[in-house]
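A.B. asks: The sequence and its predicted three-dimensional model are supplied below.
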Amino acid sequence: MIQQKSPIFSYRLRQIGGTVVLAIAYYGMAEISRHLASTPQDVTPVWPPDGIAAGAVLLFGNWIGYGVLLGSFLANFWAFRDPTSFLSLVISTLPVLGIAIATTLGTLLGAFLLRKTTNFHYPLERVTDVFKFLILTGMVGPIINATVGVACLALSDKVPWTAYGTVWLTWWISNVSGIFIVSPILLSWGQFIQKNRHSSGQWLSLSSISEDSENLPHLRHSRTNSRRFRLWLIVEPVILMTLVILIAKVAFGEGYHLEYMLIPVLIWSAFRLGQPGATLLTFIVAAIAVIATVNGKGGFVAADLNQSLLQLQSFIGVITLTILVLTATIAERTQAETKLRLAFAELARTNETLEVRVQQRTEELNQKNTTLKQTLQTLKRTQLQMIQSEKMSALGQMVAGIAHEINNPVSFIDGNLTYLSEHIQDLLRALQVYQQHYPNPPIALHAELDKLELDFLREDLAKILQSMKIGTERICTIVLSLRNFSRLDEAELKAVDIHQGIDSTLVILQHRLQATAARPQIQVIKEYGQLPLIECNAGSLNQVFMNLLSNAVDALEESNQGRLFQDISANPNVIWIQTRQLDINQVMIMISDNGIGISKEIRSKLFDPFFTTKPVGKGTGLGLFMSYQIVTEKHGGNLSCDSTIGQGTKFLIEIPVKAQRID
């Protein structure tokens, strides 16, 4: 229970302390005002206690109104008491109590109206709120104070009813002036302290930098700037105060009408010291003007008291309105600049985030684009491989079928040529024996034998049989080469003799190597090394040999364009085929020619799909592409090209002895 009551007790204690402090401040300021700023006619042109009351209620709340009531009662009790008797003292206390209640009600009303119209915001931060403060708190609130206060004095016969209007106006203007010059000081300094509550710790941290850290240039620079800044915070107010004193001395002491020269100094303070410093300096200027005027000095002094007070209070109103509006404008501009900087910072962060998101999205799109390109290329290669595989499969089946169909009748012919030769020889011997036993045939038979040219027929028949024997052997060789080239009767990977595949390819291309009317025969120089059996796909590898040898023949025929037969005979077309074992796991097959060569630009595109230098209809651009795929992907080898313009081209195949198929 004690822990629950302790915060309430502490809060009540603070309220009582605040009420007492405000009452003392109100009473003290009232006594100071009477002694320093009262005219010989007992008129106080400015009543600062009302400014203290209004500022305290706006800062701390309505509960501190008890302090206003107590302070106003004490201030007026000592001024209007009648100590002649106890009854007179009690009677003189009644109007004092009415004045205190009116002062409290007027202060609370002004605070209530200001809070409602400004939504409990700080009232001096915007120009519109400044005018609301000056009108509602500074002018409307004191109406109750002046009306009730003067009425109480009139009822107690301290003021004649005929002077009610004049006294009311003086009372009201003095309260308004007090609120104008004192309340802004309390409000601005309260706001300043609230906003800079933690600044003292920052000042201490700046001043407590160790001497060891001064060896860092940026810390020394920061420390120097901090010292200069703090020094200037002291020097600039001193300069402004000195200017105020000098101008006030000239204006109020020497009799020159230079009172309004104080306004530029106040404007300077508004820009340089902010609202707290400007309102404090405004209070000092107003205090100097009031004290000088009530003592008969300065340009506001006139023969008529009301005229003097009117000029003085007009000056106070002008400087107060100017400074409050100017500081509010500066505050609004500062807030606008702060919001603008925050907006720019937020925009910069948004742009940075947007740039990062755009960059990430761009990278994602690039990655997807790259993946799509790779997928498209893979799809194209797969499609080409499928087309080529189907093409080679169909071609192999056709070649194998043709070879098989040709092989049977040719084998039959080749096998029967021997028996046919024997039978013909037997017939010829039988005819020779018959001629020996019947040397003199009849004339008709002799004529028929002469007509048949039996001796020539005997000699030519042997030659015909020999030619037929050679032709059938040639057909058998071609058929065997076709079967070796297609390799349909063997497994996909099998150890084979590479030289046999090259020779089979040469047999198939023999018709392109033979001499023509335009050129002599193309020479094929074979430099075979000792190679082991190579584990490979013989059919596809034979296709590589076919493509490379066909391209070599094409290159040689292209190099013969515009050359005479004799020139070609002097520098014959040659194709070199070299094989050798590079190491225990690698063999090399090199096919080269002495054609026109290939330029560097074309060599970089040789193995691209659909790239060809041949005329339309004579090349698809798939031969070298498929050859490269077969060597690299099917056999895990390498196919490269080296060429020199005017000297020839060399294709180099490197494949492993043991197949290393890459899927």
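C.D. replies: It's in. Numbering: from 1, shown residues only.
A.B. asks: Report back the residue of this structure that's furthest from centre.
C.D. replies: For the chain, the residue at maximal distance from the C-alpha centroid (C-alpha atoms, centre = their mean) is Asn440, at 119.5 Å.
A.B. asks: so that residue sits in a helix?
C.D. replies: No: Asn440 is assigned coil when assessed by DSSP: H, G, I helix; E, B strand; the rest coil, not a helix.
A.B. asks: Could you pull out the strands in the stretch 501-650 of the chain for me?
C.D. replies: Secondary structure of the stretch 501-650 of the chain (DSSP state E, counting those that start in this stretch): strands located at 523-527, 534-536, 574-583, 586-593, 638-644, 648-656.
A.B. asks: Counting by contacts, list what whichever strand or helix holds Thr128 packs against.
C.D. replies: Secondary structure assigned from DSSP states H and E places Thr128 in helix 127-132. Based on contacts counted as 3 or more C-beta pairs under 8 Å, 6 or more residues apart in numbering; DSSP states H and E, the elements that helix 127-132 packs against are helix 86-118, helix 305-437. In this view, the C-beta of every residue, glycine as well, is placed from N, C-alpha and C.
A.B. asks: could you dump it to PDB, C-alpha only?
C.D. replies: The C-alpha trace of helix 127-132 is given here as PDB (Å, rounded to 0.1, in the frame of the first residue of the first chain):
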ATOM      1  CA  VAL A 127       2.400  32.400 -37.100                       C
ATOM      2  CA  THR A 128      -1.400  31.600 -36.800                       C
ATOM      3  CA  ASP A 129      -0.900  30.200 -33.300                       C
ATOM      4  CA  VAL A 130       1.100  33.400 -32.300                       C
ATOM      5  CA  PHE A 131      -1.900  35.500 -33.200                       C
ATOM      6  CA  LYS A 132      -4.200  33.200 -31.300                       C
END
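A.B. asks: coming back round to it: nearest to Val244, out of the strands of the stretch 501-650 of the chain?
C.D. replies: In terms of C-beta to C-beta, the element of the strands of the stretch 501-650 of the chain nearest to Val244 is strand 638-644, at 95.8 Å.
A.B. asks: on that earlier part again, out of the helices and strands packed on helix 127-132, which is the most enclosed?
C.D. replies: Ranked by mean neighbour count, the helices and strands packed on helix 127-132 are led by helix 86-118 with a mean of 19 (mean count of other C-beta atoms under 10 Å).
A.B. asks: What helices and strands are in contact with that one?
C.D. replies: Other helices and strands packing on helix 86-118, by 3+ C-beta pairs under 8 Å, 6+ apart, are helix 48-60, helix 65-80, helix 127-132, helix 141-155.
A.B. asks: Adding mean pLDDT, write those out as TSV.
C.D. replies: Output for the helices and strands packed on helix 86-118, formatted as TSV (pLDDT from 0 to 100):
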stretch	mean pLDDT
helix 48-60	90
helix 65-80	85
helix 127-132	88
helix 141-155	88
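A.B. asks: for those helices, which one ends up most surrounded?
C.D. replies: Comparing the helices and strands packed on helix 86-118 by mean neighbour count (mean count of other C-beta under 10 Å), helix 48-60 ranks first with a mean of 26.
A.B. asks: quick one, it and helix 141-155 angle?
C.D. replies: 140 degrees (axes from the mean of the first three to the mean of the last three C-alpha atoms, to 10 degrees).
A.B. asks: And helix 48-60, what does it pack against?
C.D. replies: Contact here means 3+ C-beta pairs under 8 Å, 6+ apart; on that basis helix 48-60 packs against helix 2-36, helix 65-80, helix 86-118, helix 141-155, helix 164-195.
A.B. asks: With mean pLDDT and distance to Asn542 added, can I get the helices and strands packed on helix 127-132 in CSV?
C.D. replies: As requested, the helices and strands packed on helix 127-132 are exported to CSV (pLDDT from 0 to 100; distance: least, C-beta to C-beta, whole Å):
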stretch, mean pLDDT, distance to Asn542
helix 86-118, 87, 99
helix 305-437, 77, 10
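A.B. asks: Including distance to Ile24, could the ones you listed go into JSON lines?
C.D. replies: As requested, the helices and strands packed on helix 127-132 are arranged in JSON lines below (distance: least, C-beta to C-beta, whole Å):
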{"stretch": "helix 86-118", "distance to Ile24": "15"}
{"stretch": "helix 305-437", "distance to Ile24": "25"}
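A.B. asks: re the thing from before, now render the helices and strands packed on helix 86-118 as CSV, adding distance to Lys463.
C.D. replies: Formatted as CSV, these follow (distance: least, C-beta to C-beta, whole Å):
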stretch, distance to Lys463
helix 48-60, 139
helix 65-80, 149
helix 127-132, 131
helix 141-155, 148
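A.B. asks: Ok, which of those comes nearest Gln425?
C.D. replies: With C-beta to C-beta, the closest approach to Gln425 among the helices and strands packed on helix 86-118 belongs to helix 127-132: 139.0 Å.
A.B. asks: got the contact list for the closest one?
C.D. replies: 114, 117-118, 121-124, 324-325, 328-329, 332 (C-beta atoms under 8 Å, 6 or more residues apart in numbering).
A.B. asks: and of the helices and strands packed on helix 48-60, who's closest to Arg357?
C.D. replies: Arg357 lies closest to helix 164-195 among the helices and strands packed on helix 48-60, at 37.1 Å (C-beta to C-beta).
A.B. asks: now that closest one against helix 305-437, angle please.
C.D. replies: Using the same axes, to 10 degrees: helix 164-195 against helix 305-437 is 30 degrees.
A.B. asks: Buried residues, helix 164-195. List them.
C.D. replies: For helix 164-195, a neighbour-count test (16 or more other C-beta atoms under 10 Å) marks 167-168, 170-191 as buried.
A.B. asks: Check stretch 639-647 too.
C.D. replies: Neighbour counts over stretch 639-647 (16+ other C-beta under 10 Å) mark 639, 641, 643 as buried.
A.B. asks: What distance do you get for Lys634 to Met626?
C.D. replies: Between Lys634 and Met626 the distance is 10 Å, computed by C-beta to C-beta, to the nearest Å.
A.B. asks: Please apply the same query to Thr327.
C.D. replies: Taking C-beta to C-beta, one finds Thr327 at 88 Å from Met626.
A.B. asks: coming back round to it: quick one, which of the helices and strands packed on helix 86-118 is nearest to Ala100?
C.D. replies: Nearest to Ala100, of all these, is helix 65-80, at 3.9 Å by C-beta to C-beta.
A.B. asks: What helices and strands are in contact with that closest one?
C.D. replies: With 3+ C-beta pairs under 8 Å, 6+ apart as the test, helix 65-80 has helix 2-36, helix 48-60, helix 86-118 packed against it.
A.B. asks: tell me the angle of it relative to helix 141-155?
C.D. replies: Using the same axes, to 10 degrees: helix 65-80 against helix 141-155 is 40 degrees.
A.B. asks: just how off-centre is helix 65-80 within its chain?
C.D. replies: A distance of 68 Å separates the centroid of the chain from that of helix 65-80, by C-alpha atoms, centre = their mean, to the nearest Å.
A.B. asks: For that helix, which outside residues touch it?
C.D. replies: With C-beta under 8 Å, 6+ apart as the criterion, helix 65-80 contacts 18-27, 30-31, 34, 49, 53, 56-57, 92-93, 95-97, 99-101, 103-104, 107-108, 153, 156, 158.
A.B. asks: Using PDB, list the CA coordinates for that helix.
C.D. replies: Presented in PDB, the C-alpha positions along helix 65-80 are these (Å, rounded to 0.1, in the frame of the first residue of the first chain):
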ATOM      1  CA  GLY A  65      -4.000  28.300 -11.000                       C
ATOM      2  CA  TYR A  66      -4.100  28.000  -7.200                       C
ATOM      3  CA  GLY A  67      -0.700  29.600  -7.200                       C
ATOM      4  CA  VAL A  68      -2.100  32.400  -9.400                       C
ATOM      5  CA  LEU A  69      -5.000  32.900  -6.900                       C
ATOM      6  CA  LEU A  70      -2.600  33.000  -3.900                       C
ATOM      7  CA  GLY A  71       0.000  35.200  -5.600                       C
ATOM      8  CA  SER A  72      -2.600  37.700  -6.800                       C
ATOM      9  CA  PHE A  73      -4.300  37.800  -3.400                       C
ATOM     10  CA  LEU A  74      -1.000  38.600  -1.700                       C
ATOM     11  CA  ALA A  75       0.100  41.200  -4.200                       C
ATOM     12  CA  ASN A  76      -3.200  43.100  -4.000                       C
ATOM     13  CA  PHE A  77      -3.700  42.600  -0.200                       C
ATOM     14  CA  TRP A  78      -0.700  44.500   0.700                       C
ATOM     15  CA  ALA A  79      -1.700  47.300  -1.800                       C
ATOM     16  CA  PHE A  80      -5.300  47.700  -0.800                       C
END
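A.B. asks: Many thanks, we can stop here.
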